[in-house]
Each structure stands twice: as structure tokens, then as C-alpha cells.
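> fold the following, please.
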Amino acid sequence: MTSLSGGTLCVLGASAEVKAMIEALLRPYGWAAGGGKPSLVVACGDDPVRASADAAALYPGAARIVLSGGMLPPDGPRIAYLPIPFPLGELPRAAARVTGDADSGAVFDEARRTLTAGGKTVRLSTKECGIVRLLLGREDPVPRETVEALFPLSKDKSNACRVAVASLRRKLDGTFGAGTLTAVREKGYILRIPD
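From the prediction side, this is the model:
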């Protein structure tokens, strides 16, 4: 679950519109731009390594998220790199990871298509990765229609979604225990990874 304690936020290298969008995405999680030393810096730039270094030089000790269209290096303990464009829900999850506020001990590696928690790892298909990316870190159920939107080329999105969710549920329940991925009647899907 993404449950941030929030703090002071600073956005570097972004246009006014992008800065406003980033602030709006993080505001519900307690992050706000303001005076004083920021505890989280979101840096934007074509060169992710330079953007990260600039943020570290300006605000040493602050957790960093780097948004870039360039080749991204691997994440570090207090730094996350996100490609542009990025899934909107990923920004709060990245903030939780780099600030140490993430409730779940789960590690989702989309490049390797794996989900690891409690020393156990499960391999995922591309469609399953999309579902995990959408659900991981959410406290409330994600509407079924939102999950179905991951299948734009399917003639029967509802059926394609049910098949993919059923496959993912079997994998997750077999690895992490029953009830990891559940359907909440009239609300959607929720993912609970045990610590």
C-alpha cells in the first residue's frame, strides 16, 4: 500500500504545467511545495544522471525521483528513475519507495517482470505486469473498468481482463498465499502482498 507521511516537495527542471501536475499528484499523499529544505526532490531532464546529480548538489540528503526521456539507470536506495511519460499512479509509489514510507515489502521489477516479497519471487507475463503496476500500492480497490482499459485491442475487454486476473491470482496465491489478489464486489480489484 502507498501510505506516505508526506513532507516538503521541490520540483526542478519542469515547466510550470508539469510542476503543477506533479504537485497535484503528490498532494493527496501529504506532499506540498513550500519553504525550507525539501525531503523529496522531483527532478526533470533529458540526462537522468545529470538531473539526479544537480538535485543532490542542491538538496543533499533529500530523496530523489528523476523523470527523464533518456536512458534510465537502475534505482538506488533513495532515488527512483521514471520514464517520461510515466503511469500517473507510479509517482506516489516511487515517492513511497525513496522516502521509506512504503507499507509493503514487495519489490516489483517491471524490467525483469518479477514480483518479490518475503523472500519469494513470482515471474509475470507482460499483461500481468500491467495489472500489478496498476494495483500495487493502492489502498482502495481499482475499478474493474480501469483494469479492463489495459486490454484496448481485445474485442471482449471484460473477458480478457477476467482471464488475465485469474492467471495472475493463481500465480500470486500459489506464491504468497490465498487472498493476495481479490475482487471486491461492485468495487474492483485489490492487491495485498504479505510482508
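
> any buried residues in the longest helix anywhere in the chain, and which?
If you go by DSSP state H, the chain has its longest helix at helix 157-176. Neighbour counts over helix 157-176 (16 or more other Cβ atoms under 10 Å) mark 157, 160, 161, 164, 165, 168, 169, 171, 172, 175, 176 as buried. Heads up, the C-betas are built off the backbone N, CA and C, glycines and all.

> one more: stretch 84-93?
Using 16+ other Cβ under 10 Å as the test for burial, stretch 84-93 gives 89, 90, 91, 92, 93.

> what part of the protein, helix or strand, is modelled with the least confidence?
Of all helical and strand segments in the chain, the minimum by mean pLDDT, DSSP states H and E falls on strand 107-109, at a mean of 75.

> partners of that one in the sheet?
Sheet pairing of strand 107-109 (DSSP bridges) gives strand 114-117 (antiparallel).

> which positions in the strand it pairs with come out as buried?
For strand 114-117, burial by neighbour count (16+ other Cβ under 10 Å) applies to 115, 116, 117.

> what is the rounded mean pLDDT of it?
Throughout strand 114-117, pLDDT has a mean value of 82.

> quick one, domains of the chain?
The domain map for the chain lists 7-99, 107-191, with the assignment taken from automatic domain parsing.

> pick the most buried one from those domains.
Of all the domains of the chain, domain 7-99 has the most neighbours on average by mean count of other Cβ atoms under 10 Å, namely a mean of 17.

> what's the span of that one, first residue to last?
Taking Cα to Cα, to the nearest Å, the first and last residues of domain 7-99 lie 10 Å apart.

> the nearest residue to residue 116 once chain neighbours are set aside and residue 117, how far apart?
Of all residues not flanking residue 116 in the chain, residue 107 sits nearest, at 4.6 Å (Cβ to Cβ, 6 or more residues apart in numbering). Look at residue 107 and residue 117: by Cβ to Cβ, to the nearest Å, they are 7 Å apart.

> do residue 32 as well
31 Å.

> rewinding a little: out of the buried residues of stretch 84-93, which is nearest to residue 57?
Closest approach between the buried residues of stretch 84-93 and residue 57, by Cβ to Cβ: residue 91, at 22.7 Å.

> secondary structure class of the closest one, three-state.
Using DSSP: H, G, I helix; E, B strand; the rest coil, the structure places residue 91 in helix.

> can you check residue 189 too?
strand.

> what pairs with it across the strands?
For residue 189, the beta-bridge partners are residue 142, residue 183 (DSSP bridges).

> close enough to count as contact, it and residue 150?
No - with contact defined as Cβ atoms under 8 Å, residue 189 does not reach residue 150; the gap is 11.3 Å.

> where do the contact lists of those two overlap?
Shared contacts of residue 189 and residue 150 (Cβ atoms under 8 Å, 6 or more residues apart in numbering): residue 131.

> which SSE is the residue of the chain most remote from its centre in?
The outermost residue of the chain relative to its centre, with distances by Cα atoms, centre = their mean, is residue 155 at 28.3 Å. Using DSSP states H and E, residue 155 is not contained in any helix or strand.
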